[in-house]
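S.K.: Attaching a predicted model along with its sequence, questions to come.
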Amino acid sequence: DAKGASKVSLAPSDRPGDVYTAILELVEELINKEIDPKFIKIAESLKGNVTRKVIKQTVMTSVYGVTFIGARAQIQRQLKDKKIYETNGEL
């Protein structure tokens with residue numbers, strides 16, 4: 001679609017597209033809208049801490065078939081490196 005094409009610079013635009021920032025904005029929106037009591041604490045700790053760098057690897061590898069488990073591990077590793085989130089693999 002045209003919106004997606006613009007995010008990956010496949011459509012004419014005044015400036016280069018940035019799919020990573022576009023996806024980050026969607027992730028931030030979901031974090032801010034979280035209302036499930038089971039996930040509120042996690043969502044609160046993620047507010048302001050999920051960056052373009054945190055999601056970039058997962059976005060890049062999604063087109064190559066990264067699994068849900070692999071994608072989750074990538075995100076957890078990025079958050080652990082930022083000292084935001086320690087996990088035993090459960091989420």
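M.R.: Perfect, I can see it now.

S.K.: before we move on, what SS does the residue most central in space within the chain have?
M.R.: Nearest to the mean C-alpha position of the chain, by Cα atoms, centre = their mean, lies residue 55 at 3.8 Å. Look at residue 55: counting by DSSP: H, G, I helix; E, B strand; the rest coil, its state is helix.

S.K.: can you tell me which residues contact it?
M.R.: Each residue near residue 55 by Cβ atoms under 8 Å, 6 or more residues apart in numbering is listed here: 20, 23-24, 27, 75, 78. (C-beta placed from N, C-alpha, C; glycine too.)

S.K.: let's go with 10 Å and repeat that
M.R.: Going by Cβ atoms under 10 Å, 6 or more residues apart in numbering, residue 55 touches 20-21, 23-24, 26-27, 71, 74-75, 78.

S.K.: Just the buried residues from those residues, in PyMOL please.
M.R.: Here is the PyMOL command that picks out the buried ones among the contacts of residue 55, judged by 16 or more other Cβ atoms under 10 Å:
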select buried, resi 20+23+24+71+74+75+78
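
S.K.: coming back round to it: distance of the residue nearest to the centre of the chain from residue 15?
M.R.: The spacing between residue 55 and residue 15, counted by Cβ to Cβ, to the nearest Å, is 20 Å.

S.K.: same deal with residue 76?
M.R.: Note on residue 76: its distance to residue 15, by Cβ to Cβ, is 32 Å.

S.K.: Check residue 3 too.
M.R.: Separation of residue 3 from residue 15 (Cβ to Cβ): 15 Å.

S.K.: picking up where we left off before, could you dump the contacts of residue 55 to CSV with distance to residue 7 and pLDDT?
M.R.: Converted to CSV, those look like this (distance: Cβ to Cβ, whole Å; pLDDT from 0 to 100):
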residue, distance to residue 7, pLDDT
20, 9, 92
21, 9, 93
23, 8, 93
24, 11, 95
26, 11, 95
27, 14, 95
71, 19, 95
74, 20, 94
75, 20, 91
78, 21, 90
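
S.K.: Output the contacts of residue 55 as a markdown table; include the columns distance to residue 47.
M.R.: Below are the contacts of residue 55 laid out as a markdown table (distance: Cβ to Cβ, whole Å):
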| residue | distance to residue 47 |
| --- | --- |
| 20 | 19 |
| 21 | 17 |
| 23 | 17 |
| 24 | 13 |
| 26 | 15 |
| 27 | 11 |
| 71 | 21 |
| 74 | 20 |
| 75 | 15 |
| 78 | 16 |
